[in-house]
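K.L.:
Mind folding the following:
(2 chains)
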Amino acid sequence: MALTNDIETIVDDRVDEGIFRVRREAFVDRDLYDLEVLRIFEGTWIYIGLESQIARPHDFFTTTIGRQPVIVMRGADGTAGAFLNSCRHRGTLLCPLRNGQRKIHVCQYHGWAYDSSGRNVAIPREDIGQYDEAFSRLDHDLVPVARFASYRGLLFASLSPDVPSLEEHLGDARIFIDLVADQAPEGLEYVPGSVSYTFDANWKFQLENGLDYYHFETVHRSFVDVLQQRGNRSQAASPAAHLADPEPQAQGTFSFGHGHAVMWSIGVPGQGPEARPFGRDPKLLAAANARFDPARVQWMLRHRNLTIFPNLQIIDIQSLQFRTWRPLGVGQTEMTSNCVAPIGESAEARRFRIRQYEDFFNPSGMATSDDNVTYEYCQDGFAALAAGDTQGHVRGVGAPPEQRINYGPALGLGSDSAWAYGPAGFGDESAFHTGWREWRRLMRRDGVAR
Amino acid sequence: MSGADEDPTRIATHLLSLEGLCLDRREWTRWLALYDEDVVYRIPAWRNEDEETSDPNTEVSLIYHDSRTGLEDRASRVEAGRSATTMPLPRTAHFVGNVVATLVGDGVIEAEASWNVHVYQPRTAKQSVHFGRYEVQLKKRADVWRISRKTIHLQNDRVSTVLDFYSV
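P.N.:
Numbers count the residues shown, from 1 in each chain, chains lettered A, B, ... in the order given. Presented below is the predicted three-dimensional model:
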């Protein structure tokens, strides 16, 4: 029987009994994968880019949501829109370019043309086309995506109208988007040089890895070795005391509705504010100190890895990365990675941000490359269906330590927000649960409304 | 020294070919010795379909090092075997051709070449090719030509899994 009829059996969610298990099939079964594309990637809010990519009227960029090509553009009147990138005439891909600025998009096949608001402005030789009267009653404009909205300059779209508002979807995860956006009074921009890459593994290995602190000292030991080598060579001055974190060393997570979660760390040696680009721009730091209380600025200086289900991770650590993905197959994923920066950042901080980003991220970086190989080991290892359920979703499910701090209320999180707290290196896994619950919710829905 | 010894195309071809062979043979120390200490080594990222990034201070590169220590760090990471990317390390075969070189000053050559690297991952039996163009500057010090600047233009930049100094 197809597992798609048996979604209930995939996630064994009995946290009160200390149990949370996900069947291996979730990562290797093709039928489940096909349903994910339909009900998740084409069924809910998907991050597609930054407002700053379409800053001017007639700016555009193209992307894919699930399997479907989309064009995002800003019209003459300044309004942004997202449309299916498919000519109304015979379905041809309308815009084959990645980005640019165009007042009119002309289909390469028969010349049908559309303006930057998606309106059809030309049908060549319509007068001698012997069209039936019914044709003139058709809407020839580009079809807009069902939902399109922006939060703090981050653009999201949904191919399904059956979604809550973006604000409701993001919920308290907005607070962690704010901690990034608030570093940038003039807004955020992508540093030129977007990187796309693939790995031969299921997208959910990337999804989980972004909330996995536990793997750092194993998978990234070679990266830590390089940092230590460099540290020995340079004998750099010790970090500025005034930037030192006053809170005790710790590692934890917050989980939100709709599958989002964040992991954070405090006081990890070598990962202090002096090692973060935001801590290196005195003007931006001063602007933040003027607008926000010290505890909030401290959060902006800490390491945070935020996952916005199902396709975005905002990694604000030694540099700031937005990475998104789309699934190409049950065992293959395409990633797109961008270095993100505050508009108007100092030249020195920008240069540092870029070097830090290059060191760590992308298949050419010395950390992400190890993650990518590890996902491939996972994909191959998960084929061992006979080995049964894994044991990787239960760190943090047992009794918490007596000494623990809930930073949630001070950050403005609701009192019922799930949180986990532990010493440095804790490696909570309970933050994976919200993503699986949202996975289950979307996978059980009856079809995608049109 | 005869004129033929100073033929820039011959010198550049020899150096780039030797570099490829050192990498394929995994002779990292010998490979590093082909570089000046203050080499600038860069693989630009692509801004869009047609343009690469050009200013490393304001734009992303796939790899950027402004001294040989950056390459030494990468080589030692591979040598140490504590990275999953080395378990196992892919096998490579470098090819360099279309070398066009000019002597631009006393002991300075600028050259361009085409390159491709075939990469074979023994664990999965998957193979791929990276290809593009090199732009290099070579400098002669104490009778030895070394690479003082290398820009690796990677034409097929949607990489699978890993890209490192040994596969470009």
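
K.L.:
what's near enough to touch residue 147?
P.N.:
Using chain A. A:Trp45, A:Phe156, A:Ala157, A:Ser158, A:Ser160, A:Pro161, A:Val163, A:Leu166 (Cβ atoms under 8 Å, 6 or more residues apart in numbering or on different chains). (C-beta placed from N, C-alpha, C; glycine too.)

K.L.:
The chain in question should be chain B.
P.N.:
B:Ile147 touches B:Leu15, B:Glu19, B:Leu34, B:Tyr35, B:Asp36, B:Val39, B:Val136, B:Gln137, B:Leu138, counting by Cβ under 8 Å, 6+ apart.

K.L.:
burial of the residue of chain B found nearest chain A, as a residue count?
P.N.:
Nearest residue of chain B to chain A (Cβ to the nearest Cβ) works out as B:Val60 at 3.0 Å. Neighbours of B:Val60 under the rule other Cβ atoms under 10 Å in any protein chain shown: 26.

K.L.:
if we can go back for a sec, return the subset of the contacts of B:Ile147 lying in helices.
P.N.:
B:Leu15, B:Glu19 (DSSP state H).

K.L.:
From the rest of the structure, what touches stretch A:344-361?
P.N.:
So stretch A:344-361 is contacted by A:184-186, A:191, A:195, A:223, A:226, A:275, A:277-278, A:280-284, A:315, A:317-321, A:323, A:337, A:339, A:341, A:364-368, B:56-64 (Cβ under 8 Å, 6+ apart).

K.L.:
coming back round to it: kindly present the contacts of B:Ile147 as JSON lines, with separate columns for distance to chain A, neighbour count and pLDDT.
P.N.:
Shown next, in JSON lines, are those (distance: Cβ to the nearest Cβ, whole Å; neighbours: other Cβ atoms under 10 Å in any protein chain shown; pLDDT from 0 to 100):
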{"residue": "B:Leu15", "distance to chain A": "23", "neighbour count": "21", "pLDDT": "98"}
{"residue": "B:Glu19", "distance to chain A": "18", "neighbour count": "21", "pLDDT": "98"}
{"residue": "B:Leu34", "distance to chain A": "20", "neighbour count": "19", "pLDDT": "98"}
{"residue": "B:Tyr35", "distance to chain A": "17", "neighbour count": "20", "pLDDT": "98"}
{"residue": "B:Asp36", "distance to chain A": "18", "neighbour count": "16", "pLDDT": "98"}
{"residue": "B:Val39", "distance to chain A": "16", "neighbour count": "24", "pLDDT": "98"}
{"residue": "B:Val136", "distance to chain A": "19", "neighbour count": "23", "pLDDT": "98"}
{"residue": "B:Gln137", "distance to chain A": "21", "neighbour count": "18", "pLDDT": "98"}
{"residue": "B:Leu138", "distance to chain A": "24", "neighbour count": "25", "pLDDT": "98"}
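
K.L.:
now for the contacts of B:Ile147, which pair is the farthest apart?
P.N.:
B:Glu19 and B:Gln137 (13.9 Å; Cβ to Cβ).

K.L.:
from what I can see the residue of chain B closest to chain A touches B:Thr53, true?
P.N.:
Yes. Between B:Val60 and B:Thr53 there is a contact at 6.0 Å, judged by Cβ atoms under 8 Å.

K.L.:
For chain B, which segments count as helices?
P.N.:
B:8-24, B:28-32, B:68-80.

K.L.:
now do the stretch 301-450 of chain A
P.N.:
Under the criterion DSSP state H, counting those that start in this stretch, the stretch 301-450 of chain A contains helices at A:347-360, A:368-382, A:408-411, A:433-443.

K.L.:
List just the one of these that sits closest to B:Asn156.
P.N.:
The nearest among the helices of the stretch 301-450 of chain A, by Cβ to Cβ, is helix A:368-382 at 16.9 Å.

K.L.:
Those residues of chain B touching chain A, which are they?
P.N.:
Contacts of chain B with chain A, taken as Cβ under 8 Å from any Cβ of the partner chain, map to B:43-49, B:53, B:56-64, B:69, B:73-74, B:76-77, B:80, B:82-85, B:87, B:124, B:126, B:157-164.

K.L.:
now the residues you listed: which count as buried?
P.N.:
B:43-47, B:53, B:56, B:59-64, B:69, B:73-74, B:77, B:82-85, B:157, B:159-164 (16 or more other Cβ atoms under 10 Å in any protein chain shown).

K.L.:
Now the terminal residues of stretch A:260-280, how far apart.
P.N.:
With Cα to Cα, to the nearest Å applied, stretch A:260-280 spans 29 Å between its terminal residues.

K.L.:
quick one: that stretch near chain B?
P.N.:
No. Stretch A:260-280 stays clear of chain B (Cβ under 8 Å from any Cβ), getting no nearer than 13.3 Å.

K.L.:
and that stretch, how far from the chain's centre?
P.N.:
19 Å (Cα atoms, centre = their mean, to the nearest Å).

K.L.:
Now it: buried residues?
P.N.:
Neighbour counts over stretch A:260-280 (16+ other Cβ under 10 Å) mark A:260-268, A:271-280 as buried.

K.L.:
re earlier: same list, the contacts of B:Ile147, but as TSV with distance to A:Gln298 please.
P.N.:
Listed next are those as TSV, based on distance: Cβ to Cβ, whole Å:
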residue	distance to A:Gln298
B:Leu15	52
B:Glu19	48
B:Leu34	47
B:Tyr35	42
B:Asp36	43
B:Val39	40
B:Val136	47
B:Gln137	46
B:Leu138	50
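
K.L.:
Kindly report the residues of the stretch 151-300 of chain A close to chain B.
P.N.:
A:191-200, A:219, A:221-223, A:225-226, A:229-230, A:233.

K.L.:
from the residues you listed, which would you call buried?
P.N.:
Judged by 16+ other Cβ under 10 Å, buried ones among those: A:191-200, A:219, A:222-223, A:225-226.
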